[in-house]
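Student: sequence and predicted structure, then a few things I'm wondering about:
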Amino acid sequence: MRRIKLKEVTEEEIPKLHEMQVKSFMPLYEKYHDEGSPAIESLERVERRFAAEGRTYYFIMKDGARVGAINIGSKDPNEENVAYISPIFILPEFQNRGIGYVAIQKAFELLPEVTTWKLDTILQEPANCHLYEKCGFVRVGEETVINDKMTIIDYELKL
């Protein structure tokens, strides 16, 4: 766990962040062809999310190398002690090594005042669902059908 760290992304690093996001989400986009995929988000959209008040991007670092990223923080200033993870991604060559789990635990440590964490994921991706459930998240709310191949589900963790 000590080999994995979160490092805040700087404005100058946004193009690298965007490049990593595209690479990480492209396999899912090619599978589901969803128009809301982070794989086809513009650099400008990532810059807007970077600048959003109350939210912070972190590179997920393993042994000093960038292996993914996570964006955490609030979406609504009226929601007290609630934080969202959106997006989180690991580069394909580093997936299925427990890095996402450790990164989420590190995110929890960064915002100790948060009592409710929220995120969403693709129902048809059992590895994603398993990761979030392993972290203590439970499914909540309704399913959102994106297309005939893909459904989004919400997860929540109350601490």
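Tutor: Happy to help now that I have it.

Student: in stretch 97-115, which residues are buried?
Tutor: Neighbour-count burial for stretch 97-115 flags 99-104, 106-108, 114 (criterion: 16 or more other Cβ atoms under 10 Å). Every C-beta, even on glycine, is put in place using the N, C-alpha and C of the backbone.

Student: pick the one among the residues you listed closest to residue 62.
Tutor: Taking Cβ to Cβ as the measure, residue 62 sits nearest to residue 99 out of the buried residues of stretch 97-115, at 6.1 Å.

Student: my guess is the closest one meets residue 59, correct?
Tutor: No. Counting by Cβ atoms under 8 Å, residue 59 is not a contact partner of residue 99; they are 11.8 Å apart.

Student: ok, of the buried residues of stretch 97-115, which one's closest to residue 50?
Tutor: Proximity of these to residue 50 (Cβ to Cβ) peaks at residue 107, which lies at 16.4 Å.

Student: would the closest one count as being in a helix?
Tutor: Yes. Secondary structure of residue 107 (DSSP: H, G, I helix; E, B strand; the rest coil): part of a helix.

Student: quick one: it from residue 47, how far?
Tutor: Remark: distance between residue 107 and residue 47 (Cβ to Cβ, to the nearest Å) = 21 Å.
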